[in-house]
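Trainee: Sequence plus the predicted model coming up.
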Amino acid sequence: MKGLRDLRRASGLTQWDVARATGIDRSRVSLIETGCVQAKPEEEQVIRGALQSAMQARLRTIQTALGSGATPLSV
């Protein structure tokens with residue numbers, strides 16, 4: 001899964017978080033991220049689902065903060 005590490009980091013998850021959410025061993029998540037092994041189709045599906053859920057939760061948090069009058073941080 002090309003770009004998995006970047007997607008995982010953008011979602012705010014650790015490898016341990018992905019492992020817990022997917023049932024895939026943390027060391028295998030690392031191997032998939034580094035390209036040492038290729039994810040099985042079913043692994044790819046559950047990893048994508050976990051990352052999507054995390055990103056949606058993060059977006060809801062941001063929307064809630066902005067809706068409550070918070071201002072976005074400038075970079």
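Mentor: Yep, it's here.

Trainee: what residue ranges in the protein are flagged as low confidence?
Mentor: For the chain, the stretches flagged by pLDDT under 70 are 1, 69-75.

Trainee: now the helices for it?
Mentor: In the chain, the helices defined using DSSP state H lie at 4-11, 15-22, 26-34, 41-67.

Trainee: neighbouring contacts of the second one?
Mentor: For helix 15-22, the external contacting residues (CB atoms under 8 Å, 6 or more residues apart in numbering) are 8, 13, 24-26, 29-30, 33, 43, 46-47, 49-51, 53-54. All C-beta spots, glycine's among them, are computed from the backbone N, C-alpha and C.

Trainee: tell me the contacts of I32?
Mentor: I32 touches 1, 4, 24, 38-39, 43, 47, counting by CB under 8 Å, 6+ apart.

Trainee: Spatially, which two of these are the most separated?
Mentor: The span of those, defined through CB to CB, is set by I24 and Q38 at 13.2 Å.

Trainee: These two: which is more packed in?
Mentor: Using other CB atoms under 10 Å as the criterion, I24 and Q38 rank with I24 on top: 20 against 11.

Trainee: what about the closest residue to the more buried one other than its chain neighbours, distance to R9?
Mentor: Among residues not flanking I24 along the chain, E43 sits closest, at 5.7 Å (CB to CB, 6 or more residues apart in numbering). Here the criterion is CB to CB, to the nearest Å. By it, E43 lies 19 Å from R9.
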